[in-house]
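Peer 1: Pasted the sequence and its predicted model underneath.
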Amino acid sequence: MLKRTHTCGELRAEHASQTVTLCGWVNTYRDQGKGLIFIDLRDRDGLTQVVFNLEYVAGDVVTAGRGLRREDVIAVTGKVRTRAGDPNPKLPTGEIEVVGDQLEVLNKAETPPILPDEYEAEKIAEETRLKYRYIDLRRKRMQHILRTRHRVTKIARDYFDEHGFTEIETPFLIKTTPEGARDFIVPSRMYPGQWYALPQSPQLFKQILMVAGCERYMQIVRCFRDEDPRADRQAEFSQIDLEMSFVDRDDVMAMMGGFIQTLWKQVLGMDIGDIPAITYRDAMERYGIDRPDLRFGLEITDVSDHAAKTEFKVFTNALAKDTGVVKAIRVPGGAEKLTRKMTDGYSEWIKTFKAGGVPVVKYTDKGFEAGIAKFVSPIEKELVERLGLEVGDSVLFAADTYAIATKALGELRNKLARDLDLIDETQWKFVWVIDFPMFEFDEETQRWYSLHHPFTSPRPDQFDQLESDPGGCLSTGYDLVVNGSEIGGGSIRMHQPHVQQKVFDMLGLSKEEAKMKFGFLLDALKYGAPPHGGIAFGLDRLVMHLVGTDNIRDVIAFPKTQTGADLMIQAPGSVAPEQLEELHVQSVLPEEAKQLHEHVPEVVDRG
């Protein structure tokens, strides 16, 4: 076999007159007649044009050359020269070509079901690309993503190694716990009727490692949650997982902020500067969401006190409710930018968030006009001052309970920004969100739940409120958000067993239940646990941002579909009865369902 000397993206004008050997796939094939054959040869680094002059090469090269087709795997030896024709400015190798005099066909390819180029990819159904993922991954875009992901993990390992972290693996076969999402469970052959679970995160183990004296732990780890996939979520995903001992919240945020600064600098050449922090309450009040997008304004303002002075029943009825509020968004220039059709559409759209509609008013040189002008004109002066209105602005309102109005306007804010093209896609706006509530109360079950997870510690000045005012108790949790997307989250943990037990009590877990579910952690805390805290970054989401995609399947080499199927290997699939028997498991699916599950449904190309 001819041995490669250079890659297909490496050759430049300074290589002219050198004899080289290239290996790769035939990207295009052109027989120009007059004994000239041109091919573009592709490998992961790029493309190089190769020309065969059949009058000057051996007979076997002529035969092989005329038989080449797309995606054949070949090796070519020849001399580099400046292109005989015009250079191709679109290619880094566009100034040169290789005049081939030796050709070895390493593997003939059948006619491929899809072609690995960007233009074709846009026309092919994603299911088809996933079925033939090994061809789809040959695309330049996909190779770039895979290499970017590699760079991210290498930068992470290098950064945390420099700061004294030790990479430690934690087990995949663990005990199921009822908290969080649904577990994937695995039957045990050696313990009939017993089950392992696949970890949703290494949370308990990394806390145990702090008790074990490791002090600084990191791991790039696979995690599993049996929940429905979506554009930015897969049932199996990867985290950059970290934990530190003898730290407070500021220590962890400084360390992790430094990592993100390093990552964006090394991958994108961007200096993101220091990352600011806002409280959860401030985020909800100003942006209506705990992962705010700061690339645009449209901040939310509470105008309940002024709305109470009107006779507008939508406002007064809302304010009569427990926690009722009236909130507003000022839209600069909205009087012209927002059509009646758009605002009517917002009123219908916002009902999906349980809000009743979107009252609207325009502010002109004559005062309030259109929409609910007659109801809010009596408070015009107050609203102009509160909202900072200028002539030509519009105001959009939401009136309901605090939770509904806040959520509805938070979602509307993002939709307005997209519709009005207010988002600068070149910007990176990072923010830490801190001071989350420890608990949230569920009216349906009439019990408290942890807003993060049950191992998050209260803020040091909030311990007394654990029992006296759980709804007002603030935690040491922190989330890192960029451009409206949460890319990491963590907290300082409870290291004192009596505090951890108090939280379990608040969550309705008896000592017996807590012992059954988390006994090994509670036991470990008794034997000298240091103060500790950590974070987990979503590796997939980090890469999504860095390569500019909103589809998590783009950044995973072999992802699942929206229905959790792997179309390439046809998983999930059936299991032989003998294997089930060995695992002491019996299938209870009816016969029709068994037949339905025999195979993943065939792919239909809708491109």
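Peer 2: Ah, there it is.
Peer 1: residue contacts, residue 508?
Peer 2: Residue 508 is in contact with 447, 448, counting by C-beta atoms under 8 Å, 6 or more residues apart in numbering. Using the backbone N, CA and C atoms, a C-beta is placed for each residue, glycine as well.
Peer 1: Please repeat the previous calculation with a cut-off of 6 Å.
Peer 2: With contact set as C-beta atoms under 6 Å, 6 or more residues apart in numbering, residue 508 has these partners: residue 447.
Peer 1: now swap in residue 74 and tell me
Peer 2: Residues counted as contacts of residue 74 (C-beta under 6 Å, 6+ apart) are 105, 106.
Peer 1: Which helix or which strand is home to it?
Peer 2: Of the helices and strands defined by DSSP states H and E, residue 74 is found in strand 73-82.
Peer 1: Tell me which strands the following helix or strand past that strand pairs with, and in which orientation.
Peer 2: Taking DSSP H and E as the definition, the helix or strand that follows strand 73-82 towards the C-terminus is strand 96-107. For strand 96-107, the paired strands and their directions (DSSP bridges) read strand 46-53 (parallel), strand 73-82 (antiparallel).
Peer 1: and the closest residue to residue 299 other than its chain neighbours, how far is that from residue 426?
Peer 2: Using C-beta to C-beta, 6 or more residues apart in numbering and skipping the chain neighbours, the partner closest in space to residue 299 is residue 286 (4.8 Å). In this view, residue 286 and residue 426 are 23 Å apart by C-beta to C-beta, to the nearest Å.
Peer 1: Which one's more surrounded, those two?
Peer 2: Legend: neighbour count by other C-beta atoms under 10 Å for residue 286 and residue 426, higher for residue 286 (19 against 7).
Peer 1: Looks like the more buried one contacts residue 298 (just checking).
Peer 2: No: the pair residue 286 and residue 298 fails to qualify as a contact (C-beta atoms under 6 Å) at a distance of 9.9 Å.
Peer 1: Just the helices from the stretch 151-300 of the chain, written as ranges.
Peer 2: Shown for the stretch 151-300 of the chain, the helices assigned by DSSP state H, counting those that start in this stretch span residues 203-211, 249-268, 280-287.
Peer 1: re earlier: tell me which of the strands paired with strand 96-107 sits most buried.
Peer 2: Mean neighbour counts were taken over these using mean count of other C-beta atoms under 10 Å, and the top value, a mean of 22, falls to strand 46-53.
Peer 1: circling back: how about the helices of the stretch 151-300 of the chain, which one is nearest residue 9?
Peer 2: Ranking those by their distance to residue 9 (criterion: C-beta to C-beta) puts helix 249-268 first, at 19.2 Å.
Peer 1: ok so, going back, return the most buried member of the helices of the stretch 151-300 of the chain.
Peer 2: When the helices of the stretch 151-300 of the chain are scored by mean count of other C-beta under 10 Å, the highest mean neighbour count falls to helix 203-211 (a mean of 22).
Peer 1: How about the secondary structure of residue 23?
Peer 2: Taken by DSSP: H, G, I helix; E, B strand; the rest coil, the conformation at residue 23 corresponds to strand.
Peer 1: Just the pLDDT for it.
Peer 2: Model confidence at residue 23, expressed as pLDDT, equals 97.
Peer 1: Could you double-check that it sits in contact with residue 4?
Peer 2: Yes: the criterion here is C-beta under 6 Å, and residue 23 meets it with residue 4 at 4.4 Å.
Peer 1: The two: which has the busier surroundings?
Peer 2: Under the neighbour definition other C-beta under 10 Å, residue 23 and residue 4 were set side by side, and residue 23 has more, 20 against 16.
Peer 1: dump the residue contacts of that one.
Peer 2: Residue 23 makes contact with 4, 75, according to C-beta under 6 Å, 6+ apart.
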